[in-house]
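A.B. asks: sequence and predicted structure, then a few things I'm wondering about:
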Amino acid sequence: MKRNVLALTAAGAIALGGFVLVQAQPGPGGAGHRHGHAFGLKGITEKLDLTAEQQAKVQPILDQAKPQIAAIHQEAMQKMHTVMNSTLSQIRPMLTADQQQKLDAIEKAHQDMLNAKKQLNDAMED
């Protein structure tokens, strides 16, 4: 039972990490252009119904923040990836051979998904 819980925890960590990493990948238009929102700041300015003059003043501020936020986000993703790898390396020895194979399959599927997303993004940018 304890091993099943550990396997489920490992699978959940991989799935969650995969979701976070996919969300961190730059989409069409580059990093920070998720669904037309520059890290949520653009959406806020749209909801505030800014005038054209206000938008002209706010846009350079948003543009200046984008690379800083992207760098922080990238660093956080790298740290999360390191913690996840460390966690899985500690869990792996506790798993049965069958559970390790399942974990390997989950990790491969996760990597395949990330690769496919990157290929899609690259194709859309061309």
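C.D. replies: Happy to help now that I have it.
A.B. asks: which element is residue 69 on?
C.D. replies: helix 52-91 (DSSP states H and E).
A.B. asks: which parts of that helix are buried?
C.D. replies: By 16 or more other CB atoms under 10 Å, the buried positions in helix 52-91 come out as 58, 62, 66, 69, 70, 77, 84, 88, 91. Glycine gets a C-beta too; all of them are placed from N, C-alpha and C.
A.B. asks: which elements pack onto that helix?
C.D. replies: The contact analysis (3 or more CB pairs under 8 Å, 6 or more residues apart in numbering; DSSP states H and E) places helix 52-91 against helix 2-24, helix 41-47.
A.B. asks: worst average pLDDT in those?
C.D. replies: If you rank the helices and strands packed on helix 52-91 by mean pLDDT, helix 2-24 sits at the bottom with a mean of 54.
A.B. asks: what's the pLDDT at residue 31?
C.D. replies: 43.
A.B. asks: residue 100 is in contact with residue 91, isn't it?
C.D. replies: No: in this structure residue 100 lies outside contact range of residue 91 using CB atoms under 8 Å: 9.8 Å.
A.B. asks: hmm, back to that, in CSV: the buried residues of helix 52-91, plus pLDDT.
C.D. replies: Below are the buried residues of helix 52-91 laid out as CSV (pLDDT from 0 to 100):
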residue, pLDDT
58, 89
62, 88
66, 89
69, 91
70, 91
77, 92
84, 93
88, 94
91, 95
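A.B. asks: hmm, which two among these are most spread apart?
C.D. replies: 58 and 91 (46.4 Å; CB to CB).
A.B. asks: now the helix or strand following the helix holding residue 69: buried residues?
C.D. replies: Counting by DSSP H and E, the next helix or strand C-terminal to helix 52-91 is helix 97-125. The neighbour-count criterion (16+ other CB under 10 Å) identifies 99, 100, 103, 106, 110 as the buried residues of helix 97-125.
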